[in-house]
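> With the sequence up front, the predicted model follows.
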Amino acid sequence: MENTTSQQRILIVDDIPANIALLAEILRGQYAISAAINGSIALEIASSEHPDLILLDIMMPGMDGFEVCTRLKGNEKTKDILVIFITALDAEVDEIKGFDLGAVDFISKPFSRAVIQARVRNHLSRRLVEQSISRLHHEHRLILDAAGEGIFGLDLDGKTRFINQAGAKILGWNQEELLGKPMHDTIHGKRKDGSPNPIEECPICATLKDGMTRHSGDDVFWRKDGTFFSVRFTSTPLCEAGQVRGTVAVFQDITQLKLLEKNEIQSQASRIAISALLETSLEPLSLDRQLDVALEIVMTVPWLSIERKGSIFIVDETNGDLILRASKGLAPPLLALCARLSMGQCLCGQAAKTRKTIFSNKLDENHTVRFAGIHNHGHYCVPIIFQKRLQGILNCYIPADLPYSPEEEAFLMTIANTLAGIIERRKLEKKLEEVHQQLAFAALHDDLTGLPNRVLFKERLVQGISLAVREKTVIGLLFFDLDWFKQVNDTLGHDVGDKLLLSVGNRVTSLLRKSDTLARLGGDEFAIILGKISGEEDAVIVAQKLIDMLSEPFQLGPHECRIGSSVGIALFPFHATDPETLIMYADSAMYVVKQKGRNSYSVFSASECHKEIP
């Protein structure tokens, strides 16, 4: 047994020690390995050590793998552990049963080192990404529940998709009780005097219809116990690709708020806007869409004296310029002039350079971006900073000669600080998605050439055969390796050999259709899947073109290399109808070529290839 605290942990469960030893050898050095020779020991280790993944043999005496998996998934401590079944069986019913029990994959015996390593790596990498995303979602939920106002979201039918703890408490409900309920009928269906409040007059429901943000400064919501309270709310549409998908309502009990001074009212309205902004950060919006929503929220804060015009710039990390990413109400000439600003240019550039808010209530010498017909106006230009790193500028327009307001500056700085966290989170989410895509690609492609590897090749061959069966077409499978490649590798070095493999991949790819598959199986071995061909003649034509193409010299830096290729051909359905046999026949046909002198092709023939077929 191996143990390390810095690696992901794998538990191997098999009643045959040799199998355990083989799997441990395949995975050693990459993961911390534990082993169990029966189900009872496996359950004890899983409960105490909580491994990240279990390789579980199905056929074991006493408690078989299915029973072990059932108990694992029935235990709160072990139900989230990934399970991959190891089996010598090839029955679809067993795979279905395993997936129903909660397994994530199957690996068949005899073991393939590459398959085991790729699948284990793929599932554990995916688990790391899922855990990172889960932590992000948990943080978002904590932020939502920490908001002081009630926040709920509705779908297009007006039913509750979510509500935060504060909102449920204000309404006198548990959060779970409100999920799925029609919110208008539940809390907004009556006026103060008890008369019906028609749904057609409900601002929240209207937002669902026309996608317009709405506010209500003095309305009533009804609690579960039948009492009502004065409320103000903001209903903000949630849009995707220009289509309204729902709405977020941020509400507050203003029974006491009505008695407060103007500054208290302003404070509450500001917090509502911040809460709405935080709520939108939980939706799967693009960064540009998030910035658009942020501008809309800021411009609809009732006590602000800003105009319904503004913009948000994001710093170009490559050169430090400010890039216009969101705008509202800007004239077309201004959109062109402000598409990219250098550090220090105009008021926004000055705010970025000094990292301080710039206030101006007129067009003066500092306002260097101008165009014919521009009207006198002013600005609040507020830096967006996350952990001392400048991320962008929030730019709000104000009427000319408007006096400076410290309350407005403080609010806009709060919006900018909130945006800073949201922007950073969006960037992190994008990076996580890119990492996930890279890991998924790496698991199915060759590291050197980027071509499909053996795993993806087999998947595509299975898919191609299924399609050929339905459409009654022919598939050509070509196996080829490079004649005299070893001599190039030995005399010129592995770097030149790698360049040669890359060049071969590029040449052969140019020969094939987009629907064909070229895969590198390892070393100098390649395979081609030709779909929808008429028969042997088409496959032979491609094989001959391949041989001719690879016979041309390769100029690799100062070296000119000449190689050949031996090509074996097998056809579906003429030679075989299952992938394994088809692969074996193509491989055998290739070795017939090698025995006859290389740099040629051979179509599978049982009489010629019988010595090559095990």
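Yep, it's here.
> Helices along the stretch 401-550 of the chain, start to end?
406-444, 454-471, 485-492, 494-511, 536-551 (DSSP state H, counting those that start in this stretch).
> Flag the shaky bits of the chain, pLDDT-wise.
Low-confidence segments of the chain (pLDDT under 70): 1-6, 89-91, 137-147, 258-263, 608-614.
> Report the central residue of the protein.
Nearest to the centroid of the C-alpha atoms of the chain, with distances taken as C-alpha atoms, centre = their mean, sits residue 433, at 3.5 Å.
> got the buried residues for the host helix or strand of residue 123?
Using DSSP states H and E, residue 123 sits in helix 113-146. Buried positions in helix 113-146, judged by neighbour count with 16 or more other C-beta atoms under 10 Å: 116, 118-127, 129, 132, 140, 143-144. In this view, the C-beta of every residue, glycine as well, is placed from N, C-alpha and C.
> swap in stretch 171-191?
Neighbour counts over stretch 171-191 (16+ other C-beta under 10 Å) mark 171, 173, 175, 178, 182, 183, 184, 186, 187, 188, 190 as buried.
> what do you get for stretch 601-608?
Neighbour counts over stretch 601-608 (16+ other C-beta under 10 Å) mark 601, 602, 603, 604 as buried.
> Does the first one touch residue 586 like I think?
Which is residue 601. No: assessed by C-beta atoms under 8 Å, residue 601 is found out of contact with residue 586, at 10.8 Å.
> who touches both of these two?
Common contacts of residue 601 and residue 586, defined by C-beta atoms under 8 Å, 6 or more residues apart in numbering, comprise 568, 569.
> Only alpha carbons, please: show stretch 65-78 as CSV.
Once non-C-alpha atoms are left out, stretch 65-78 reads as follows in CSV (Å, rounded to 0.1, in the frame of the first residue of the first chain):
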residue,chain,number,x,y,z
GLY,A,65,-18.8,-5.5,-6.9
PHE,A,66,-22.5,-4.6,-7.4
GLU,A,67,-23.3,-5.1,-3.7
VAL,A,68,-20.2,-3.1,-2.7
CYS,A,69,-21.3,-0.3,-4.9
THR,A,70,-24.8,-0.4,-3.5
ARG,A,71,-23.5,0.0,0.0
LEU,A,72,-21.1,2.7,-0.9
LYS,A,73,-23.8,4.8,-2.5
GLY,A,74,-26.1,4.1,0.4
ASN,A,75,-23.6,5.6,2.9
GLU,A,76,-23.6,9.3,3.4
LYS,A,77,-19.8,9.2,4.0
THR,A,78,-19.0,7.3,0.8
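> How far off centre is that stretch?
29 Å (C-alpha atoms, centre = their mean, to the nearest Å).
> Listing partners with orientation, what would you give for the next helix or strand after the helix holding residue 123?
Sequence order places strand 150-154 as the next helix or strand after helix 113-146, per DSSP H and E. Here strand 150-154 has these sheet partners by DSSP bridges: strand 160-163 (antiparallel), strand 243-253 (antiparallel).
> now those strands in CSV, with distance to residue 553 and mean neighbour count?
Formatted as CSV, the strands paired with strand 150-154 follow (distance: least, C-beta to C-beta, whole Å; neighbours: other C-beta atoms under 10 Å):
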stretch, distance to residue 553, mean neighbour count
strand 160-163, 65, 21
strand 243-253, 57, 22
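> Switch the ones you listed over to a markdown table; also include distance to residue 545.
Formatted as a markdown table, those follow (distance: least, C-beta to C-beta, whole Å):
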| stretch | distance to residue 545 |
| --- | --- |
| strand 160-163 | 58 |
| strand 243-253 | 49 |
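> Of those, which is nearest residue 301?
For the strands paired with strand 150-154, proximity to residue 301 was assessed by C-beta to C-beta; strand 243-253 is nearest, at 11.8 Å.
> Just the CA atoms of the closest one, as PDB, please.
What follows is strand 243-253, C-alpha atoms only, in PDB (Å, rounded to 0.1, in the frame of the first residue of the first chain):
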ATOM      1  CA  GLN A 243     -34.700  36.600 -25.000                       C
ATOM      2  CA  VAL A 244     -36.200  37.100 -21.600                       C
ATOM      3  CA  ARG A 245     -35.700  33.900 -19.500                       C
ATOM      4  CA  GLY A 246     -37.100  35.100 -16.200                       C
ATOM      5  CA  THR A 247     -36.800  37.900 -13.700                       C
ATOM      6  CA  VAL A 248     -35.100  38.700 -10.400                       C
ATOM      7  CA  ALA A 249     -37.100  40.600  -7.800                       C
ATOM      8  CA  VAL A 250     -35.300  42.300  -5.000                       C
ATOM      9  CA  PHE A 251     -37.700  43.500  -2.300                       C
ATOM     10  CA  GLN A 252     -37.700  45.100   1.100                       C
ATOM     11  CA  ASP A 253     -40.100  45.700   3.900                       C
END
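> Which is the succeeding secondary structure element to that strand?
helix 262-280.
> same for the very next helix or strand once past that next one, what does it pack against?
Remark: after helix 262-280, the chain's next helix or strand is helix 287-299, criterion DSSP H and E. Here helix 287-299 touches strand 228-240, helix 262-280, strand 310-315, strand 322-328, strand 389-399, helix 406-444, going by 3 or more C-beta pairs under 8 Å, 6 or more residues apart in numbering; DSSP states H and E.
> Mind listing what's buried along helix 287-299?
Residues 287, 289, 290, 291, 292, 293, 294, 295, 296, 297, 298, 299 are the ones in helix 287-299 that count as buried (16+ other C-beta under 10 Å).
> just stretch 334-350 next, same as before
For stretch 334-350, burial by neighbour count (16+ other C-beta under 10 Å) applies to 334, 337, 338, 341, 345, 346, 347, 348, 349, 350.
> so the nearest residue to the third one once chain neighbours are set aside bridges to which residues?
With C-beta to C-beta, 6 or more residues apart in numbering as the criterion, residue 338 has its nearest non-adjacent residue at 5.3 Å, and that residue is residue 324. Beta bridges link residue 324 to residue 313, judged by DSSP bridges.
> backbone phi and psi for residue 203, please?
phi -60, psi -40 (degrees, to the nearest 10).
> Against residue 195, how distant is the residue nearest to it when sequence neighbours are not counted?
Spatially, and ignoring its direct neighbours in sequence, residue 203 is nearest to residue 214 (4.0 Å; C-beta to C-beta, 6+ apart). Shown here: residue 214 relative to residue 195, a distance of 22 Å by C-beta to C-beta, to the nearest Å.
> between the two, who's got more neighbours?
Higher neighbour count among residue 214 and residue 195: residue 214, with 19 against 8, using other C-beta atoms under 10 Å.
> circling back to that earlier point, return the most buried member of the helices and strands packed on helix 287-299.
Among the helices and strands packed on helix 287-299, strand 310-315 has the highest mean neighbour count (mean count of other C-beta atoms under 10 Å), at a mean of 24.
> Contacts for it, please.
Strand 310-315 has contacts (C-beta under 8 Å, 6+ apart) with 287, 291, 294-295, 298-299, 321-330, 338, 341, 348, 352, 384, 390-397, 419, 423.
> Please repeat the previous calculation with a cut-off of 7 Å.
Contacts to strand 310-315, defined as C-beta atoms under 7 Å, 6 or more residues apart in numbering, come from residues 291, 294-295, 298-299, 322-328, 330, 338, 341, 348, 390-397.
> How about stretch 523-533?
Here stretch 523-533 makes contact (C-beta under 7 Å, 6+ apart) with 457, 460-461, 464, 473-482, 485, 501, 512, 515-521, 538-539, 542.
> In PyMOL, select just the buried ones from the residues you listed.
Filtering those down to the buried ones (16+ other C-beta under 10 Å) takes a single PyMOL command:
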select buried, resi 457+460+461+464+474+475+476+477+478+479+480+481+482+485+501+512+516+517+518+519+520+521+539+542
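> ok so, going back, and the strands paired with strand 150-154: which comes nearest residue 149?
Comparing these against residue 149 with C-beta to C-beta, the closest turns out to be strand 243-253 (4.8 Å).
> gap between the closest one and the chain center?
With C-alpha atoms, centre = their mean, you get 26 Å for strand 243-253.
> Pull the contacting residues for the closest residue to residue 153 other than its chain neighbours.
Nearest residue to residue 153, sequence neighbours excluded (C-beta to C-beta, 6+ apart): residue 161, at 4.5 Å. Residues in contact with residue 161, defined by C-beta under 7 Å, 6+ apart, are 153, 154, 155, 246.
> Fine by me, we can end here.
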